[in-house]
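1. 3D model of this:
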Amino acid sequence: MMTADKEKRRAISREAARRRRRVESDVFGDLCRLLPLQPSVRAHLDKPSIIRLTLSYIRMHALIKETSVDAAARHTATYLQRVGGGEELNCSGGQGEEEKEKEELLSSNETNMYLRTLEGFVMVLSTEGDMIFLSDNVSKYMGLMQTELMGHNIFEYTHPGDQEEIRHNLRLTAEEVWCSQKRDFVIRIKSALTHRGRSTNLKSATWKVLHCQGRAKVCVASSSVTCLLLTCRPLPLSHTLLSAHTFTSQHSMDMRFTYCDQRVTSLLGYRPEELLGRSIYDLCHTLDTNCLNKNHVNLCLKSQSVSGHYRMLVRGGGYVWVESHSAVIPTARPSRSRPSADQPLSILCVTYVLSGVEEASLQLSLDQTIHRYLN
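-> Numbering: from 1, shown residues only. Below you'll find the model as predicted:
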């Protein structure tokens, strides 16, 4: 008799457990269908991923709703929704299917145009480091899907040596938030793409250097969604000279010129042989040396960097605004007797001249004064 009662209780318990699992699966299924993702993507989501992505979209929804108070923030919110490839969470609306499809197509075309122009991806980063949103083209640059990254913390994917710099940029004072202060930094992040563009697993990931630029966005109603809105562009290992307003140079690791191409003469007035052995700091405007120094430190630590805008002195007087993209490269040895020996390093720079000569009558260094008298 006791055995029969025990078996009956076990059967009831098993049926109750099956019912709970069925209800749970139905709830997760309903929740998954609300996510603004393609059906083919939703079909491969497990339960932890559904929870992670739902929380991210709820935070994005709160941020979009809060920042839609003024016109500029409303434009940003609309753009972020379009980049996400879908509607807001729990948004049904009363539009017809045909009209809705037309709007989605227009939004998709506009978004693709923005992202192609950007040559990078969009990331929304909370002040705790959570990646609450990434545009779906992140896979093109990182080899990892949007759904694999959203909801995770950026510190899980970034180089340990860059994490303090990330924390520094995530710290927002009240003044910085309300002034929407700019952020501009370079980090190394895991990439599952090989040099040939093939995807690999995360255990075999390499470090890719990203140039991140953006501003702080604040949500008054909920400080939990105060965040940084960033555009992230991978720094290429090589650059194309796009116009006559670009020149290349090579430097020793202390930033002294070892080579400069002929374009520098038409842009800055210097002959290439004049620059050999001189430091690039000699040509930098005094007020911009911190910008150049930050670029130099990034190069030594991360092997690639972008300087941001700074002023470079022109021979004879004045200055031009420039931006330098730089990479550390091995210097070829003339001898092949020791192929296994470590090669010395040098720095390759591609400098883009962004303006004409400003303050041409102003001499900012003794070198400029000497050149003027010699001419």
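2. pLDDT value on Thr3, please?
-> Thr3 is assigned 76 on the pLDDT scale.
3. just Lys182 next, same as before
-> Value for Lys182, per-residue pLDDT: 82.
4. pull the helix or strand with minimum mean pLDDT from the chain.
-> helix 71-83 (a mean of 51; mean pLDDT, DSSP states H and E).
5. Now do the helices in the protein.
-> 2-34, 39-42, 47-67, 71-83, 97-118, 138-142, 146-149, 163-170, 174-178, 263-268, 272-275, 289-302, 366-374 (DSSP state H).
6. For the ones you listed, which has the smallest mean pLDDT value?
-> Per-stretch mean pLDDT for the helices of the chain is lowest at helix 71-83 (a mean of 51).
7. In the stretch 201-350 of the chain, mark out all the strands, start to finish.
-> 206-217, 227-234, 246-251, 257-260, 304-313, 319-330, 345-353 (DSSP state E, counting those that start in this stretch).
8. Which secondary structure elements does the fifth one sit against?
-> Counting by 3 or more C-beta pairs under 8 Å, 6 or more residues apart in numbering; DSSP states H and E, the packing neighbours recorded for strand 304-313 are strand 182-191, strand 206-217, helix 289-302, strand 319-330. Backbone N, C-alpha and C define where each C-beta goes, glycine included.
9. Any stretches of the stretch 251-375 of the chain with poor pLDDT?
-> 332-343, 368-375 (pLDDT under 70).
10. let's see it at 50
-> Along the stretch 251-375 of the chain, the model assigns pLDDT under 50 to residues 338, 340, 373-374.
11. Make CSV from the helices and strands packed on strand 304-313 and add mean neighbour count and distance to Leu170 to it.
-> Below are those laid out as CSV (neighbours: other C-beta atoms under 10 Å; distance: least, C-beta to C-beta, whole Å):
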stretch, mean neighbour count, distance to Leu170
strand 182-191, 19, 9
strand 206-217, 20, 9
helix 289-302, 17, 18
strand 319-330, 19, 25
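12. between these, which gets nearest to Phe133?
-> Closest of these to Phe133 is strand 206-217, at 11.3 Å (criterion: C-beta to C-beta).
13. Can you show me the CA trace of the closest one as CSV?
-> Output in CSV follows, covering the C-alpha atoms of strand 206-217 (Å, rounded to 0.1, in the frame of the first residue of the first chain):
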residue,chain,number,x,y,z
THR,A,206,43.2,37.9,-31.5
TRP,A,207,43.3,41.5,-30.3
LYS,A,208,41.8,44.2,-32.7
VAL,A,209,42.5,47.9,-32.1
LEU,A,210,39.4,50.1,-32.0
HIS,A,211,39.1,53.8,-32.2
CYS,A,212,36.1,54.8,-30.0
GLN,A,213,34.5,58.2,-30.2
GLY,A,214,31.2,59.5,-28.7
ARG,A,215,29.4,61.4,-26.0
ALA,A,216,27.7,60.8,-22.7
LYS,A,217,23.9,60.4,-22.7
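14. if we look at stretch 266-282, which residues are touching it?
-> For stretch 266-282, contacts defined as C-beta atoms under 8 Å, 6 or more residues apart in numbering pick out 244-245, 247, 249, 251, 254-262, 264-265, 283, 289, 292, 312-316, 320, 349, 353, 365, 367, 371.
15. again, only using 6 Å
-> Here stretch 266-282 makes contact (C-beta atoms under 6 Å, 6 or more residues apart in numbering) with 255-257, 260, 264-265, 314-316, 353.
16. In ChimeraX, how would I select the buried members of these?
-> Typed into ChimeraX, the line below selects the buried ones among the contacts of stretch 266-282, using 16 or more other C-beta atoms under 10 Å:
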select :255,256,257,260,264,314,315,316,353
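17. which of the contacts of stretch 266-282 lies closest to Val41?
-> Out of the contacts of stretch 266-282, the member with the shortest distance to Val41 (by C-beta to C-beta) is Val353, at 44.1 Å.
18. Would you agree the closest one is in contact with Glu323?
-> No. Val353 is beyond contact range of Glu323, at 8.8 Å (criterion: C-beta atoms under 6 Å).
19. which residues do the two both contact?
-> With C-beta under 6 Å, 6+ apart as the test, Val353 and Glu323 reach no residue in common.
20. about what we covered before: with respect to Ser135, which of the helices and strands packed on strand 304-313 lies nearest?
-> Ser135 lies closest, by C-beta to C-beta, to one member of these: strand 206-217, at 13.0 Å.
21. beta partners for the residue nearest the centre of the chain?
-> With distances taken as C-alpha atoms, centre = their mean, Cys232 lies nearest the centre of the chain, 1.7 Å away. Counting by DSSP bridges, Cys232 is bridged to Phe121, Cys212.
22. would you list the contacts of stretch 266-282 in TSV and tack on distance to Arg188?
-> Listed next are the contacts of stretch 266-282 as TSV, based on distance: C-beta to C-beta, whole Å:
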residue	distance to Arg188
Met255	21
Arg256	26
Phe257	27
Cys260	29
Val264	31
Thr265	36
Val314	35
Arg315	37
Gly316	41
Val353	28
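23. Now do the contacts for the nearest residue to Tyr319 once chain neighbours are set aside.
-> Leaving aside its chain neighbours, Tyr319 sits nearest to Arg311 (4.2 Å; criterion: C-beta to C-beta, 6 or more residues apart in numbering). Shown in contact with Arg311 (C-beta under 6 Å, 6+ apart): 285, 288, 319, 321.
24. Before I go, just wanted to say thanks for your time.
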